[in-house]
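Visitor: sequence and predicted model, in that order:
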Amino acid sequence: MTWFSLLSMRGVDRWSNLKHFLNVTTIEYADGTAYFDILRCLLPCIVQLLPKNSVLVNCLRAYTQIRMMIQMRCMTEDRIKRLRGYIKTYMDYCSHISTQYNKNFDFLKQHLTTHIIPDIRQKGTLDNYETRVGEGFHQEVQEAYKQTNCKDTEPQMARIDENLEAVARIRMLIDNASQHESTLAKTTRSDQVQSSSNATQIRGTLARSNEHWILGSPAAGITDAKGLADELVARGLVNEAMEFQNTLFNFLRKNISPDCVEDSHLQVQVFQCLYLTYQSLEDWKEGRDILRCNPDFHSHARYDCALVNTDSGMLSPVRLRMLFRCMTSRGPVDIALVHSYKRTSWKPKTMWEGMRVFERAQKCDLVMMRYLVRGVHMVKAFGTKDGREYLNDTIDGDMLLRAGN
């Protein structure tokens, strides 16, 4: 593997529940989860290294789609139909690779493609399967057996195990809820006590229960529009800092009301973290993304991306550059300064199914926080000019479905 590919894996943006690799060629130990994380980010990193119209790229894409589909927590007939199509596509590409590269696909795990759909139909989704049965499980069996009357033990042991599992699940839910409340309490706790009533109002409304977002990690101190412009300069957005006060005031007057800013004076609080809650298309439950917009996150700048709700109905990613709350005469207003993306005509050496390449706009835009849908993972298009990025639709099942897979 070349230095280009090594730097590609290092250059992939970090994401929650996605392991970040500095060097994938020198890993001494990795489990299946680590290899799956590599697979989910692999195509943008290697597509420019392989020959044009490479069958390997398309084969990897089909295999990734299979892996994403079979791990979903809810499986419908439509999804099984899609899975069957991905398996057929994958097997066709395997045949091409066998012919072109003399690759032998006669190995154990390849057999998964022949029985995974019947297994899901008969036993449910894969999150219901259990791999813990082994020597370590013998201790649990022995403890359960000791609690029986040693006659007709199987039903008794099954009931004991069910009770233990129920207690463990309840305990886990309580612990998770406590941890979530503790995290929010730490996030929303003010670093400094402000005597100003406006400051108290700003800091007291970090979590607004009727909205699908929560702002976290507030920056120290309350500022104004001019202070925001200075912060933009510090973040390298010099062009955006020019005339930013007029731009912000016009934006508020247009989207809130003409009289929402009085006497050109506006108090603002900057935040560095955003919690976005959404309904997952995978299982229709509540999902949440934690997005960072921080110039110094563990000694590195980190500006995550999100999807914006637009009239076009298409996936519209943006990169967060600043999060702030304005205290207007109509109440607090949450706004994001973002870099928008637009589809580009540039194409990599090999196009794969569902591929989306975007090009980042030069100038930033202001967006109302209510239009942000959920987080999205963008991966740099290596081997081309800066600003071109792929939308990674394999971060989770919800994003895979939103992307039309």
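Guide: Looks like it came in fine. The structure presented is a predicted model; accordingly, all values stated were derived computationally and were not measured.

Visitor: quick check: which element contains residue 216?
Guide: For residue 216, the host element (DSSP states H and E) is strand 213-218.

Visitor: which helices and strands sit right next to that strand?
Guide: With contacts defined as 3 or more C-beta pairs under 8 Å, 6 or more residues apart in numbering; DSSP states H and E, strand 213-218 has these neighbours: helix 153-188, strand 267-279. Yep, even glycine has a C-beta here, placed from its N, CA and C like the rest.

Visitor: okay, angle between the following helix or strand past that strand and strand 267-279 too, please.
Guide: Sequence order places helix 225-234 as the next helix or strand after strand 213-218, per DSSP H and E. Between helix 225-234 and strand 267-279, the angle comes out at 70 degrees (axes from the mean of the first three to the mean of the last three C-alpha atoms, to 10 degrees).

Visitor: buried residues in helix 225-234, which are they?
Guide: With burial defined by 16 or more other C-beta atoms under 10 Å, the residues of helix 225-234 counted as buried are 225, 227, 228, 229, 231, 232.

Visitor: what are the phi and psi values for residue 83?
Guide: Per-residue torsions, residue 83: phi -60, psi -40 (degrees, to the nearest 10).

Visitor: so what's it closest to, chain neighbours aside?
Guide: Leaving aside its sequence neighbours, residue 83 sits nearest to residue 69 (C-beta to C-beta, 6 or more residues apart in numbering; 4.5 Å).

Visitor: and that neighbour, helix, strand or coil?
Guide: Using DSSP: H, G, I helix; E, B strand; the rest coil, the structure places residue 69 in helix.

Visitor: what's the local residue count around it?
Guide: 23 (other C-beta atoms under 10 Å).

Visitor: wait, it sits on residue 86?
Guide: Yes. Assessed by C-beta atoms under 8 Å, residue 69 is found in contact with residue 86 at 6.4 Å.

Visitor: quick one: which helix or strand includes residue 292?
Guide: Assigned by DSSP H and E, residue 292 belongs to strand 286-297.

Visitor: same check on residue 375?
Guide: strand 372-380.

Visitor: after that strand, which helix or strand is next?
Guide: strand 388-392.

Visitor: average model confidence for the helix or strand just after that next one?
Guide: Downstream of strand 388-392, the next assigned helix or strand under DSSP H and E is helix 397-402. Averaged across helix 397-402, pLDDT comes to 95.

Visitor: figure out how far helix 397-402 is from the centre of its chain.
Guide: Helix 397-402 has its C-alpha centroid displaced from the chain centroid by 10 Å (C-alpha atoms, centre = their mean, to the nearest Å).

Visitor: swap in stretch 285-305?
Guide: On the basis of C-alpha atoms, centre = their mean, the separation between the geometric centre of stretch 285-305 and that of its chain is 10 Å.

Visitor: identify each buried residue in that stretch, please.
Guide: So for stretch 285-305, counting by 16+ other C-beta under 10 Å, buried means 287, 288, 289, 291, 292, 293, 294, 297, 302, 303, 304, 305.

Visitor: who's in contact with it?
Guide: Residues from elsewhere that reach stretch 285-305 (C-beta atoms under 8 Å, 6 or more residues apart in numbering): 13-14, 16, 217, 234-235, 271-280, 306, 317-323, 336, 374-378, 396, 398.

Visitor: can you check stretch 55-73 too?
Guide: Contacts for stretch 55-73 (C-beta under 8 Å, 6+ apart): 36, 39-40, 42-43, 46-47, 50, 79, 82-83, 86-87, 89-90, 93-94, 96-97, 100, 113, 116, 120, 125-127, 282-283, 350, 352-354, 394, 397, 400, 405.
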